[in-house]
Structure formats: C-alpha cells, structure tokens
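**Q** Just a sequence and a predicted model for now, questions to come.
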Amino acid sequence: MALLEVKNLGVRYEPRLHKPVQAVDDVSFEIAEGEFVGLIGESGSGKSTLANALLRLVERPGRISGGSIVFDGNDLATMTQDELRPYRWRDISTVFQSSMNALNPVVRVVDQFRDAIELHSDLRGDAVVDRVRQLFGMVMIEEKFLTAYPHELSGGMKQRINLALALVNKPRFVLLDEPTTGLDVVVQRSILEAVRTLQAEQKFAVLFISHDMGTVLDLSDRILVMYAGRIVEEHDSADLMRNPLHPYSKGLLGSYGDPRAQTVRITYVPGRPPDLTREHAGCLFAPRCPERIDRCLSVEPELLAVDGARVACHVAQLQAEPEDGVEVPARSAKFAGPEFVKSDDESKEALSQHAFLTLSDVSKTYRTRNGFTFSDFTAVDDVAFELRRGAVTALVGQSGSGKSTLAKLITGVEKPTAGTIMFHTREGRAIDVVGLRPGQLRDYRSKVQMVFQDPYSSLNPTKTLGYILSRPLRNFLGLSGEALKQRVEELLEKVALTPASRYRNRYAYELSGGQRQRVVIARALASNPELIVADEPISSLDVSIRAEILELLHDLVQESDVGILYITHDLLSARMLADEIIVLSQGRVVEQGRALTVIRDPSDDYTRKLLDAIPNPFDKLDRPA
C-alpha cells in the first residue's frame, strides 16, 4: 500500500498585480513505505512548489487549488494547521535546500534538536542529549559541536545536521529538496551516502528533489520527471536511462555524460519553458520538441501507462498502441549540443603552444587574529603551472583547497606572499603581475577577465544589458557612438542572445540564469581579453543550462585566441571541457596532466577520491534490467 498518495494536486498563485500562475497542475503519484523516489526537471518546472504543497507550506498568494495529499490514509490537504502539527517532524520531515539558512543562527545546535524532540516525544533532559549524540554519530559529526552555534560550522556540517534534525523523531517520510546544492563533490558524496545508509536502516520513504541528474539517477529507485508544473514521465531509474519515453526526459539525460566514456557528448533542450500565465493548447513541451506531430499542437496528452512506465506523450503512446491512419515519426529526439571529442593527442597539441601565463613557486599566507593571538594560514603553497592560448586548463579541488585564492592572485586582486606570476601579451610584452602598481592594473585587467560563479549577483539589476556591456568597451577600448552600439550587439550575438536588439534594453531580472551567465561571459569578452578565469561558472545552474554554458566556453576557445582557466570542484565538467587538469589540495598541486590521462589513470589518492565522489548512475546499466 502507498504511504503517500497524491491525486490531481494543483497549486495556483494569484498575485494582486500580476496574472495568475498554475504552478502545479493535476499531479498524481504514489510513494510506498521505504521507497526512494527522485523528482527531476529544469528550474521553474514546479519541483519546489510541489514540495511545499506536500508539506502544506505554500504561502500567499499561493494556494492548493485542488486534489488530495493522502498520507497513511489521512488527507493532509484538508487539515488545519493544528491538525497538521503532530505529523510534522514526527511522521513527515524535510531537509531544506539552503543549509546556511535552515538553522536558527542565535540558538545552539543541541537546543534546536531539543525543541523538535520534546514536542513530539517523552524524552527530557539527559535523554534528549543522548538522542542528539546518537544522531551526530549517524551523520558523522563530532560530539564537541553539540553546543556550537551554526556560524561555527562548515556548509557540509550544517547540511549533515539538517539531515540529523530531519531524522530526530524517526519519521516515515523525508522530503529532500536540493539537499546538497552549493556543496563540493566530496562533501556531497558523504552526505548522500549517510542518507542512503540511514534510509536502508530505518526504512523511511524519500522524495529527493534535485537538478543534479547524476545524483538523482544514482540514488533513486524510481524517477518522476516534471515539466511546466506537470508530471510528464514516471519510470524506474535504470529503465529511464535505458529507454526514456518522453523527449524532455531524453533531453535531460543527454545533458549528463558518462565519465568513463572515451568521448562525451552533452546536449541541452533548446528554448525555454512556457509562460504559465497564458493559456496553452496541446502539449506544453511541443514548441521545444523535435518529435512533435500535429496532435501535439492541439490535444493535451494524458499521463498513461506505456511499457511499464507512465508517460504524457502522444508519440510514445502511439508507438505502444498504433492507430490506423496516424503516422508516427521515428524516436530520434535530436537536441543541440557539442561533442567533446578531445583525445590525448589533441590536448597535447593545444598544450604544446607557448605559455603566456607562468606561475613560479607562488604562495599566499593570511594572518588571522583570535583575541590577542595571531596565527598564519597558508591558502596557496608553492604552486607552479603554465597556461596557454587556445587551451582550457581546469583547476580542480574541494572547497577550501585554494582555487579562488589563486584566481585572485592571477587577476591581480591580491598579491602573493612569495613567488612570481609572469604574463606575456600577444605583442610579446612581459608583465610582472606581482610588481604591478595600482595605475598599471587597469591595462592588465583588460587582458585578464573573470566569469563569476553566481550569475544572479554578477550583474547590476538597475542597468540595462546594453549599459552593462558598454562600460568595459568605453573604459578599455574607448568606443562611443555607433561603434559602441554595434560592438554591444556583436557581443550579445556572440553569446547567442539573439536578436541582440531584443536583449540590449532588457534588465538582468528579465533573464533566466543561463541567459545571465551568457551576459557575464559577453562582458568578460568586451575588452578582447587574452585569459578568462571562470570561477565555478556552472555550479548554480540547472543541468540543461550547464550544457549550454559549457558549449559556449568550448566554442570560444575554438574560435578565439584566448586561454581559459576553468575553476571547479566538478571533475566531470572538467573532463568534458579541459585540455589539462591541475588538482589542488590544501593549497598545493598534487597532480597535473592532460585531462583524459588524469581522469582515466590518476596517480594521486586525492584525485581518486574526487573521481570516486562523482555520481555514476551508469553503473546501473551494467546490472540486469
């Protein structure tokens, strides 16, 4: 029997000054006791809204507009808040997306557990502390942090504590909403392994929401695919990878590569999700679908059983049960996307070019103060490597390994404690970066540009895109008038924001995350740089948009005489994009070599640890169906 049964659930937002939005529309599914179910979809598909509806946390101007949420025989959708209270943290709990904001910053950790325990159990005093100690052991947190405040914990520790807090009363159902977003791959792996172990021991059911395809496919027994507020496919995880039925599922799967493959091709779904403030006829995915037929444009597909799964797709349903006189196209689902086919020989050729940036014995030490005592912390320790034009060098390591500090040193934002950084311009002029005076930094920074991690905070929300792109053109190249306008439009076209005339007068808040990151890249290209330092440029983007940005960076290197330093904790994306990989641990280079060699034959244990932490759902395909 189903532990959770959702039928025809709808969530509608009705703001006073804007058109209403049906964010969740006629959603139905079941989750059995002890089952691990994944929910995937692009940003804006309705995943988090659905999660809030299941927990009855939808706030005004939103409301549950229809349907039922039956948990263990009781309909949560019709309960009052007082009736819901006994279920929360006892039978149903959640791990929220942002570990940084999920804990009360002014309350010690043990007291936050105490509230949840004493409200729903008879435990008091020392028994409460013993229970918290047990939970800390389960999620591998040292007992000394019981009395810590949240600001004294790392992001990974906070997220593990959130997981322990969700399990404090041994719930039967746990909702995980993007529980590892923003964490590096090793910390993410440790948290998810803890989830997997605890779920196997305690037999609670899980709904795991994420845009991280690899993680969801690796952990889940069954997958729900959500698009524009609706479930479009429900499938066993391994079978979904073998034979996705909905074209949208194929597009999402295509954006995740097999790290073991000799070559990797990633694709993305073109276009954008529909505007849900408008009425739409037919299938909502039809405008983006390469398999659509005439029926898709006029008749909305139902979610029906097909080949042991459920799918809302006319083409998939007609292939399973053909109709006389209806021609069904071949299942191709060809989506756009680059094929990353760099062999060791191609990377060797790119890396044979003369180095234009050389780091020699570079170190950076910070002095920190604790009360009346001072201590030194070495963030970068004796680092040496070279960068070349026309090549992508990936700098890989966990959070805190020194990657961003190196980016600051290379761009001249900070000066190293020791060592030299030499930059050789296209004209052959040598620049000693360490010795640059403030007045000389302006010229250097026109040649070295940054692409930052968060596209949402990288652009001025009060200025148009045209103004944002015009600033470096005026400051570094002295352009004005018609030449300035023409160059702004060329930059927008270069990053595929077309037609440029439509985007020039827009503001950043009118763009999607992927479009904003394209603008950030266009701004970096404005000064005709020789080096682009891309610091985690895809970590905050969903899976399909990541593929777009990786393709854009790949094409820039092919078409322009620039080098890219690609900073990431994600070895899989480094494998796709880079010619060379440099692995950084505790501020030191522990491994360096051509990308394919490092990935397929790592020589350092730390590199193997990073590789082992990459979710690899493709292992499921080696098992019998």
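**A** Sure thing, it's come through. Numbers count the residues shown, from 1 in each chain.
**Q** Could you grab the helix/strand/coil label for Ser45?
**A** Following DSSP: H, G, I helix; E, B strand; the rest coil, we place Ser45 in the coil state.
**Q** And for the one 3 residues further on?
**A** Assigned by three-state DSSP, the conformation of Ser48 is helix.
**Q** Thr256 belongs to a helix?
**A** In this structure residue 256 is Tyr, not Thr. No. Secondary structure of Tyr256, determined by three-state DSSP: coil, with no helix assignment.
**Q** Look up how far Ile223 lies from the nearest residue to it once chain neighbours are set aside.
**A** For Tyr256, the nearest residue in space outside its immediate sequence neighbours is Met213; the separation is 4.2 Å by Cβ to Cβ, 6 or more residues apart in numbering. Every residue, glycine included, has its C-beta placed from N, CA and C. Shown here: Met213 relative to Ile223, a distance of 10 Å by Cβ to Cβ, to the nearest Å.
**Q** again, but for Ser48
**A** Ser48 sits 17 Å away from Ile223 when distances are taken as Cβ to Cβ.
**Q** just Ala32 next, same as before
**A** Ala32 sits 15 Å away from Ile223, taking Cβ to Cβ as the criterion.
**Q** Which one of these two is surrounded by more residues?
**A** Ile223 (26 against 14; other Cβ atoms under 10 Å).
**Q** And the pLDDT for that one?
**A** In the predicted model, Ile223 carries a pLDDT score of 96.
**Q** how about it, what does it touch?
**A** Ile223 is in contact with Val37, Gly38, Leu39, Ile40, Val216, Leu217, Glu233, Glu234, His235, Asp236, Ser237, Leu240, counting by Cβ atoms under 8 Å, 6 or more residues apart in numbering.
**Q** redo that, cut-off 6 Å
**A** Applying Cβ atoms under 6 Å, 6 or more residues apart in numbering, we find Ile223 in contact with Gly38, His235, Ser237, Leu240.
**Q** Could you rank those residues by neighbour count and give me the top one?
**A** With neighbours taken as other Cβ under 10 Å, the top of the contacts of Ile223 is Leu240, carrying 27 neighbours.
**Q** Count residues in the vicinity of Asp275, would you?
**A** When counting by other Cβ under 10 Å, one arrives at 10 neighbours for Asp275.
**Q** Also Asp443?
**A** By the criterion of other Cβ under 10 Å, Asp443 has 12 neighbours.
**Q** now Thr267
**A** Burial of Thr267, expressed as a neighbour count using other Cβ under 10 Å, amounts to 24.
**Q** same thing with Ala2?
**A** 16.
**Q** Which residue ranges of the stretch 1-150 of the chain form helices?
**A** Read by DSSP state H, counting those that start in this stretch, the stretch 1-150 of the chain holds these helices, from start to end of the chain: 47-54, 81-84, 109-120, 126-138.
**Q** The stretch 351-500 of the chain too?
**A** In the stretch 351-500 of the chain, the helices defined using DSSP H, counting those that start in this stretch lie at 403-410, 438-447, 465-477, 481-494, 500-503.
**Q** and Ile69, which of the ones you listed is closest to it?
**A** Ranking those by proximity to Ile69 (Cβ to Cβ) places helix 500-503 first, at 41.2 Å.
**Q** got a list of contacts for that closest one?
**A** Leu465, Glu489, Leu492, Glu493, Leu497.
**Q** Please report how far Gln134 lies from Leu123.
**A** According to Cβ to Cβ, Gln134 stands 11 Å off from Leu123.
**Q** try Arg575
**A** Taking Cβ to Cβ as the measure, Arg575 and Leu123 are separated by 48 Å.
**Q** Same question for Val433.
**A** Counting by Cβ to Cβ, the gap from Val433 to Leu123 is 60 Å.
**Q** In terms of packing, which of those two has more residues around it?
**A** Neighbours of Val433 and Leu123, each counted by other Cβ under 10 Å, are more numerous for Val433; the result is 23 against 17.
**Q** which residues touch the more buried one?
**A** Val433 touches Gly412, Ile421, Phe423, counting by Cβ under 6 Å, 6+ apart.
**Q** out of those, who's nearest Gly229?
**A** Within those, proximity to Gly229 (Cβ to Cβ) peaks at Gly412, which comes in at 47.1 Å.
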